[in-house]
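>>> from the sequence below, what's the structure:
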Amino acid sequence: MTSQSQLPDFINYFLQPASFSPPVASVDLVQTHISYVIIAGDRVYKFKKPVDFGFLDFTTLEKRKLYCHRELTLNQRLCPDIYREVVSVTASPDGFELNGAGEVVEYGVMMERMPEEKMMGRLLKDGKVNREMISKIVDTLVPFYEKAEGGPEIQKFGTAEAVSVNVLENFDQTRDFVGKGALSEDQYQKISQYARTFLKQEDLFRERSKTRVKDCHGDLYSANICLADSVHIFDCIEFNERFRYCDVASDVAFMAMDLDFHGREDLSDFFITSFVAASSDPGLTAVLNFYKCYRAYVRGKIGLFTAYSPEVDEATKINSLEQAGKYFQLAEKYAV
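Numbers count the residues shown, from 1 in each chain. Okay, the predicted model is just below:
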């Protein structure tokens, strides 16, 4: 277990069911490398950690407030019924309050709790995801991308030069982890060489940037999808526009890679075939493998960041390293 002394005081306070009004039956805490997520009754509260990874900076209260509001607005595009409001955490004589009158010490995003048994990640593990569900995801995504903002300022993020910034920084950020268990030197070299070679196809990236680069989701995979009565696709990238302004192929490649990761290559192929047909984008397949490799490597990198975060418990560290290793193996498969 994570030592409570390693958690912020307000997180420890809200881990007590009686801290909420009205009190809730139970409270759970989930951590990522950038967030504390408190699950309390039928509400979920997400707070940003004061971290700076270069590609994101949450180190000041004002920045966390800004990105909470941005997270709310962007995610309401696909989940207007889930994302409710930005909340403040205020100091009180008894501890802390949500939206109280005291000094504001933190900001967070309040969401409706989605049914855990309908989370796509769980359904995949239980073998319960089928083609009908994949079709519903496609039916949700195609109009989303059609309506998504484009234009010259966003399109420039799809050039080979711009994409290389995102792709190549992953290799810089994981260099110090090479040889420590999850990522071997051989994997590192193969994957980085593949990416650098593919990025030389400047005309291919330039052509797709004209019509296929949009204000996308940026983090489209099963952990951020709930297949309830309607499809909820949540937790998009709010902290850095260059991860969200991308080729639609990069977004859907993440979903396809994730299905591959879970051993459902059949559903991955069906997803891509269906999406290409519905969006009239046959050119997507020319960059699919490249973006799959990129997305798998990113997930491996995040696993490393999570594993080596000082506040995570030993079980989380071990699991994160194991998952990271599997993602790097998949990235190597795409690369070779």
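>>> ok, so what distance separates Glu153 from Ile237?
Computed as Cβ to Cβ, to the nearest Å, the Glu153 to Ile237 distance reads 17 Å. (Glycine included, C-beta is placed from N, CA and C.)
>>> go on, Cys68?
Relative to Ile237, and taking Cβ to Cβ, Cys68 is found at 14 Å.
>>> neighbour-wise, which of the two wins?
Between Cys68 and Ile237, counting by other Cβ atoms under 10 Å, Cys68 is the more crowded of the two (24 against 21).
>>> pretty sure the more buried one sits against Lys48.
Yes: with contacts defined as Cβ atoms under 8 Å, Cys68 counts as touching Lys48 at a distance of 7.0 Å.
>>> okay, and the common contacts of the two?
Both Cys68 and Lys48 are in contact with Tyr107, Gly108, where contact means Cβ atoms under 8 Å, 6 or more residues apart in numbering.
>>> the helices in the stretch 201-336 of the chain, which residues?
Ranges of helices within the stretch 201-336 of the chain are 202-209, 241-244, 248-261, 265-279, 285-307, 314-335, based on DSSP state H, counting those that start in this stretch.
>>> please identify the most buried of those.
Compared across those, helix 248-261 shows the largest average neighbour count, a mean of 26 (mean count of other Cβ atoms under 10 Å).
>>> which elements pack onto it?
helix 131-147, helix 265-279, helix 285-307, helix 314-335 (3 or more Cβ pairs under 8 Å, 6 or more residues apart in numbering; DSSP states H and E).
>>> can you convert those into TSV and add a column each for mean pLDDT and distance to Ala182?
Below are these laid out as TSV (pLDDT from 0 to 100; distance: least, Cβ to Cβ, whole Å):
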stretch	mean pLDDT	distance to Ala182
helix 131-147	98	29
helix 265-279	98	23
helix 285-307	96	6
helix 314-335	96	4
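>>> let me have these in JSON lines, extended by distance to Tyr13.
JSON lines is the format used below for the helices and strands packed on helix 248-261 (distance: least, Cβ to Cβ, whole Å):
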{"stretch": "helix 131-147", "distance to Tyr13": "37"}
{"stretch": "helix 265-279", "distance to Tyr13": "42"}
{"stretch": "helix 285-307", "distance to Tyr13": "24"}
{"stretch": "helix 314-335", "distance to Tyr13": "22"}
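>>> re the thing from before, to Ser88, which of the helices of the stretch 201-336 of the chain lies closest?
helix 241-244 (25.2 Å; Cβ to Cβ).
>>> relative to its centre, which residue of the protein is most distant?
Each residue of the chain has a distance to the centre, and by Cα atoms, centre = their mean the biggest one is for Pro93: 36.7 Å.
>>> out of the helices and strands packed on helix 248-261, nearest to Leu29?
helix 314-335 (11.3 Å).
>>> what's the angle from the closest one to helix 285-307?
Relative orientation of helix 314-335 and helix 285-307, computed by axes from the mean of the first three to the mean of the last three Cα atoms, to 10 degrees: 160 degrees.
>>> for helix 314-335, give me every contacting residue.
Contacts for helix 314-335 (Cβ under 8 Å, 6+ apart): 2, 31, 181-184, 187, 190-191, 193-195, 257, 260-261, 289-290, 292-293, 296-297, 299-304, 306-308, 312.
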